[in-house]
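Participant: Quick one, what's the 3D model for this:
(chains A, B and C)
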Amino acid sequence: MPSEIAARLIPWYAREQRDLPWRAPGFGAWGVLVSEFMLQQTPVNRVIPLLEAWLERWPTPTALAADAPAEAVRQWANLGYPRRALWLHRAAVEIRDRHDGVVPRDVDALLALTGIGDYTARAVATFAYGDRHPVVDTNTRRVIARAVHGRAQPGPPHRRDLDDMEALLPEGDDAAAIVNAAAMELGAVVCVARTPRCDVCPLLDICAWVSEGRPETPDLRRRQAKYEGSDRQARGAVLRALRESGSLPQQAVIGDWPDRLQRDRAILSLLDDGLIEAEDGALHLPR
DNA sequence: AAACCGTGGCC
DNA sequence: TGGCCAAGGTT
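Facilitator: Numbers count the residues shown, from 1 in each chain, chains lettered A, B, ... in the order given. I've put the predicted structure just below:
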């Protein structure tokens, strides 16, 4: 018995879905996988141009695995969270070595790849291969928090989020994939975080939050740390310098950074992550 | 399991 | 202006 929510989402999605590259028929599991890496905590509009350049350069996992990690980190450009570039390269090597160069379909096999967690594994299995799994991202969690639980905002991510989504899925694989995508889409364009567009929401008259008068609920989400002046900002500056220069003497890397200790901390943590390497007193991207 | 990890746009 | 937010994952 399909949920009422699914029954509303399916026709709405057929009508309103955005035309995004990874939704094109035949986009392929590798394309979907790369898109999901890039979309982790990064807005759609910033991903699209970089995704297309990436897939043009590396049309298969094996092609990426044949290049040095440095190339992946450089191609990642300013997408942010550059560890994702390194992890995507590692995943490509793992796919080549453990799966004959074919992106796995099995959720547990996907979860075993570097940089892939609960969301990305199920997104690939569902959207690239059409299998039936609950796919839960931040948009879906917000839609469920409001429409099902009557809360203004979701709590911190939890494993029971998967059960909440499972309860909304129709039986058939294809319909289940559509409902997963539709819940994400609704959260992305209608049931947005700050000012939800309830006037155009297909769930308006069955939404628990709306029916309870849109109560304010305690916001249990953790606040994001300030970026200005942070170690992350220093790491970003170091990496940008090395992306642009290839290799630099260690003292020359952001040599004018105001906080000397912070600069050294950034370099050490980047070395520790494998995002940079040291050789003969110079730093460079990982070969 | 709480903290950490980039970057840019928006109001 | 500055805090919020963005298709998360790892340790």
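Participant: switch to C-alpha atoms for all contacts and neighbour counts from now on
Facilitator: Will do.
Participant: Would you agree residue A:146 is in contact with residue A:208?
Facilitator: Yes - in this structure, residue A:146 is within contact of residue A:208 by Cα atoms under 8 Å, at 6.3 Å.
Participant: what about residue A:132, how many neighbours?
Facilitator: Neighbour count of residue A:132, defined by other Cα atoms under 10 Å: 21.
Participant: How about residue A:268?
Facilitator: Neighbour tally, residue A:268, other Cα under 10 Å: 15.
Participant: before we move on, what SS does it have?
Facilitator: Under DSSP: H, G, I helix; E, B strand; the rest coil, the three-state class of residue A:268 is helix.
Participant: any idea how far DNA strand C is from it?
Facilitator: Separation of residue A:268 from DNA strand C (Cα to the nearest atom of the strand, to the nearest Å): 15 Å.
Participant: got it, and residue A:192?
Facilitator: 6 Å.
Participant: residues contacting that residue?
Facilitator: Residue A:192 makes contacts with A:139, A:142, A:186, as judged by Cα atoms under 8 Å, 6 or more residues apart in numbering.
Participant: Surely it forms part of a helix?
Facilitator: No - Residue A:192 is assigned coil when assessed by three-state DSSP, not a helix.
Participant: quick one, domains of chain A?
Facilitator: Following automatic domain parsing, one gets these domains for chain A: A:1-222, A:231-284.
Participant: Format those domains as a markdown table; extra columns: mean pLDDT.
Facilitator: Below are the domains of chain A laid out as a markdown table (pLDDT from 0 to 100):
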| stretch | mean pLDDT |
| --- | --- |
| domain A:1-222 | 97 |
| domain A:231-284 | 96 |
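Participant: returning to what we had before: out of the contacts of residue A:192, the closest to DNA strand B would be?
Facilitator: residue A:139 (15.1 Å; Cα to the nearest atom of the strand).
Participant: what's around the closest one, how many residues?
Facilitator: Counted with other Cα under 10 Å, residue A:139 comes out at 21.
Participant: Please identify the helix or strand for it.
Facilitator: helix A:138-147 (DSSP states H and E).
Participant: Dump that helix to CSV, restricted to CA.
Facilitator: In CSV, the C-alpha atoms belonging to helix A:138-147 read as follows (Å, rounded to 0.1, in the frame of the first residue of the first chain):
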residue,chain,number,x,y,z
THR,A,138,19.4,16.4,4.1
ASN,A,139,16.5,17.4,1.9
THR,A,140,14.6,14.2,2.5
ARG,A,141,15.2,14.5,6.2
ARG,A,142,13.7,17.9,6.2
VAL,A,143,10.6,16.8,4.2
ILE,A,144,10.0,13.9,6.6
ALA,A,145,10.6,16.0,9.7
ARG,A,146,7.8,18.4,8.5
ALA,A,147,5.3,16.3,6.6
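Participant: Is that helix positioned near DNA strand C?
Facilitator: Yes - Helix A:138-147 is in contact with DNA strand C by Cα under 7 Å from any atom of the strand, via A:138, A:139.
Participant: list the helices and strands that helix packs on?
Facilitator: Under the contact criterion of 3 or more Cα pairs under 8 Å, 6 or more residues apart in numbering; DSSP states H and E, helix A:138-147 touches helix A:160-166, helix A:173-189, helix A:208-211.
Participant: just these: most buried one?
Facilitator: helix A:173-189 (a mean of 21; mean count of other Cα atoms under 10 Å).
Participant: Tell me if that one is near DNA strand C.
Facilitator: Yes - judged by Cα under 7 Å from any atom of the strand, helix A:173-189 comes into contact with DNA strand C through A:184, A:185, A:187, A:188.
Participant: and the residue of chain A nearest DNA strand B?
Facilitator: residue A:236 (3.0 Å).
Participant: SS state for that residue?
Facilitator: helix.
Participant: what about it, how many neighbours?
Facilitator: 17.
Participant: repeat for residue A:3
Facilitator: Neighbour tally, residue A:3, other Cα under 10 Å: 12.
Participant: Around DNA strand B, pick out the residues from chain A.
Facilitator: Residues of chain A that fall close to DNA strand B, judged by Cα under 7 Å from any atom of the strand: A:41-42, A:78-83, A:224-225, A:227, A:230-233, A:235-237, A:239-240.
Participant: What subset of these is buried?
Facilitator: When those are checked for burial by 16 or more other Cα atoms under 10 Å, the buried set is A:79, A:82, A:83, A:231, A:232, A:233, A:235, A:236, A:237, A:239, A:240.
Participant: Assign residue A:8 to helix, strand or coil.
Facilitator: Assignment for residue A:8 (three-state DSSP): helix.
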